[in-house]
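A.B. asks: Using only what follows, build the 3D model:
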Amino acid sequence: MQDSQLEAENLHLRRQLEALLREARANEEKMRRFDELEHRLIGARSVLELLRLLLSDYGHAFGIESVTLALVDADGETGRILDSELRDGAVLNDLVLLPSAAPLEALYGTARKPWLGRFEAPSHARFFNAPPRPPRSVALLPLSRHGELIGSLHFGSCDAERYDPAAGTNLLERLASIVAVCLESVLNQERVKLAGLTDLLTGVHNRRYLEHRCGVEIAQARRYKHALACLFLDIDKFKQINDAHGHPAGDAVLRAVGHSIQSQLRAGDTIARYGGEEFVVLLPQTAAQHAREIAERIRARIAAMPCTADSGQPLEVTISIGLAMLGAVPAGQEPALVAAELMAAADRALYRAKAGGRNRVEFEAA
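C.D. replies: So this is what the prediction gives:
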């Protein structure tokens, strides 16, 4: 009897030991995957690469059904950086850009610690972008730098017990710290790049960026047989505005016109200040009729735009637009040469718009 009892106890102990060993091996494997991902996060060279690591690779590596991210983007800068990196109108469905940190402050309060527990729709739904099936348990990680909330990383699981409020959060806190530092680093890198490709007065892209982007869009149009429209835009009688009201008034007009043009464009379109009072717009995957409608909409919006000099005197601002469509591209022709011909055709159309009375749109095939 005693032997059988000892045997049962030994069996029980062996099973406990085996369970502990399995758990230790699982934890060791989890740490290996975590360390591997940590190194990849630190090595990310762009915002887009970092976001894809977080939103896709992390979920796959740890079997998480839903991974989403919210970033504070008060001045729209992160959105502009992503627009410059994303191609063909692509979007990141699991990323939410917030105009302020207020929703995150309401979510975390003053604790600024990871929150684990059951999914609560009133508080959490906006951060999970309406998935087909809401998660049953969630882990919410605040991302902060220098005492300020810059974002929030969210994990959602179909297992109601996966994110237990009683579980330790040391690993999640470490992950949140790494992600916050990496985000700040890549955003600073992108700001430096963007500064070299942005017109400082108007905030739109500069000629250097346009030359690069034009080559990319022509290559895409050639490869996928897409239409590509080019608009050349010039502010009418701009010298008279400068002469009569001074350069500060002229600068204000340039900023207003650049903003107005940009407001009429889609995420995948390109606007750049070409020089002086001239702007160029590229409209990929846009047929001639649609491009003309966009050009007319821009022209009408600027003509109706309220503008005043420092003296309070109203300024009449209009714009002339030349439109050209990318024609058939001979095989082997350099994209830079094709780009020059496309913009030259748009410039000829602009000249006709000026000669025809200004504040109008003219078209010429490239």
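
A.B. asks: mind listing what the closest residue to Ile235 other than its chain neighbours touches?
C.D. replies: Excluding its sequence neighbours, the residue lying closest to Ile235 (C-beta to C-beta, 6 or more residues apart in numbering) is Glu277, at 4.1 Å. C-beta coordinates here come from the backbone N, C-alpha and C atoms, glycine included. By C-beta atoms under 8 Å, 6 or more residues apart in numbering, the contact set of Glu277 is Asp234, Ile235, Phe238, Leu254.

A.B. asks: ok, now how distant is Glu277 from Phe232?
C.D. replies: Distance of Glu277 to Phe232, given as C-beta to C-beta, to the nearest Å: 12 Å.

A.B. asks: Check the spatially most central residue of the chain and give its pLDDT.
C.D. replies: Central residue of the chain (C-alpha atoms, centre = their mean): Leu82, 2.3 Å from the mean position. With respect to pLDDT, Leu82 has a value of 81.

A.B. asks: now do Ala167
C.D. replies: 84.

A.B. asks: Lys237 too?
C.D. replies: 94.

A.B. asks: Roughly how far does it sit from Val216?
C.D. replies: Distance from Lys237 to Val216, by C-beta to C-beta: 34 Å.

A.B. asks: Tell me, how many residues neighbour Ala267?
C.D. replies: 12 (other C-beta atoms under 10 Å).

A.B. asks: so it, which of the three states?
C.D. replies: Following DSSP: H, G, I helix; E, B strand; the rest coil, we place Ala267 in the coil state.

A.B. asks: Now Leu187: phi and psi?
C.D. replies: Dihedral angles of Leu187 (phi, psi; degrees, to the nearest 10) stand at phi -70, psi -40.

A.B. asks: Quick check: the gap between it and Arg145.
C.D. replies: Leu187 is 10 Å from Arg145, by C-beta to C-beta.

A.B. asks: How about Ala328?
C.D. replies: Distance from Ala328 to Arg145, counting by C-beta to C-beta: 52 Å.

A.B. asks: same check, this time on Asn129
C.D. replies: From Asn129 to Arg145 the distance is 24 Å (C-beta to C-beta).

A.B. asks: Break the protein down into its structural domains.
C.D. replies: 44-195, 207-365 (automatic domain parsing).

A.B. asks: quick one, which of those is nearest to Leu201?
C.D. replies: Proximity to Leu201, assessed across these by C-beta to C-beta, is greatest for domain 207-365 (6.0 Å).

A.B. asks: Least confident of the domains of the chain, on average?
C.D. replies: Lowest mean pLDDT within these: domain 44-195, a mean of 86.

A.B. asks: Which helix or which strand is home to Leu143?
C.D. replies: strand 137-145 (DSSP states H and E).

A.B. asks: scratch that, Val96
C.D. replies: strand 95-98.

A.B. asks: And for Phe155?
C.D. replies: Taking DSSP H and E as the definition, one finds Phe155 inside strand 148-157.

A.B. asks: coming back round to it: the strand holding Leu143 packs against which elements?
C.D. replies: When contacts are defined as 3 or more C-beta pairs under 8 Å, 6 or more residues apart in numbering; DSSP states H and E, strand 137-145 sits against helix 102-108, strand 115-118, strand 148-157, helix 170-195.

A.B. asks: and Glu49, which of these is closest to it?
C.D. replies: helix 170-195 (7.8 Å).
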